[in-house]
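Peer 1: here are the coordinates; sequence isn't available:
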């Protein structure tokens, strides 16, 4: 498919603020370009083959688009409190509601994936009604060789349609995507969860720390954190806040709030010593709505005020 492209700057700071990767962010991360017009609120679909030249690790985060991947090669898919693994090939459904991280075990993973946004399916059915896109549904379907080859032909048809001049080609692609959905729902889903040497609490604790650390450092390109409370992190991890708190306590011996406060304090000290921002700017960037609250927080943990710490 011929695509006119435009250069864009890195969007990692924006992702860190929102915790959500957009289609624009996806193209920037994978290919360092985006299709022209993608920033407009229009339907979008694209099909890719695996591997591609710009193949990079898939980080743990939410996306604002759907993705259906057909791949051959041993892989793990990390969710908040579980890991699905497959050794040969699988059909995997990703949606905007569940953050995930993809880990390829084999050096070379082959296959296809199609990405599309909600707008692409406007007035063409409700995707959320299908279990494969629901937060509590099954998202990983292991396949045998025959099934893999059959589904490969569907992706090849989508590629052909996308490159054609047929006026209704996007309707054809939508129908082919529905074929993938219904094929998966008719097969026996993969429910095998890999037994890793760490338990669910340790995994949630690790993912919580990863989300926490991703918000830093704060600088001119990333001037404010967005995840400030245990509830904020629980929402990003797609777990109940009580579940998050129990897991963090079990894995670390500390409360979620304590770990957040310790990291905020660490960043506050760095900024007070190394940045030119005033105390009010630092307070706001760390999520304190009032500078008084920041002063009280800092003094509680250090016994001195931010100004005295800066001047010491």
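Peer 2: Received the coordinates, thanks. Remember, it's a predicted structure, so these values are computed and weren't measured experimentally.

Peer 1: From residue 297, how far off is residue 241?
Peer 2: Distance from residue 241 to residue 297, counting by Cβ to Cβ, to the nearest Å: 21 Å. Where C-beta positions appear, they are placed from N, C-alpha and C, glycine not excepted.

Peer 1: Kindly report the same for residue 200.
Peer 2: 32 Å.

Peer 1: Next, the residue positioned nearest the centre of the chain: secondary structure please.
Peer 2: The residue lying closest to the centre of the chain (Cα atoms, centre = their mean) is residue 61, at 2.1 Å. Classification of residue 61 using DSSP: H, G, I helix; E, B strand; the rest coil returns strand.

Peer 1: Isn't it up against residue 99?
Peer 2: Yes: using Cβ atoms under 8 Å, residue 61 makes contact with residue 99 at a distance of 5.4 Å.

Peer 1: in whichever strand or helix holds residue 257, what's buried?
Peer 2: In this structure, residue 257 sits in helix 256-274 according to DSSP states H and E. Neighbour counts over helix 256-274 (16 or more other Cβ atoms under 10 Å) mark 256, 259, 260, 263, 264, 265, 267, 268, 269, 271, 272 as buried.

Peer 1: Go ahead and report the secondary structure state at the residue nearest to the third one when sequence neighbours are not counted.
Peer 2: Translated: residue 260. Residue nearest to residue 260 in three dimensions, not counting chain neighbours: residue 212, with 6.7 Å by Cβ to Cβ, 6 or more residues apart in numbering. At residue 212 the chain is in helix, as set by three-state DSSP.

Peer 1: hang on, residue 212 packs against residue 263?
Peer 2: Yes: Residue 212 is in contact with residue 263 according to Cβ under 8 Å; the separation is 5.6 Å.

Peer 1: So the protein: which segments form each domain?
Peer 2: 44-186, 200-311 (automatic domain parsing).

Peer 1: distance between the ends of the last one?
Peer 2: To tie it back to what came earlier, the one meant is domain 200-311. With Cα to Cα, to the nearest Å as the measure, the ends of domain 200-311 fall 44 Å from one another.

Peer 1: ok, and what's touching stretch 139-155?
Peer 2: 47, 70, 72, 77, 84, 86, 88-95, 98, 111-112, 114, 132, 176, 179-180, 183-184, 187, 189-190, 192 (Cβ atoms under 8 Å, 6 or more residues apart in numbering).

Peer 1: Much appreciated, bye for now.
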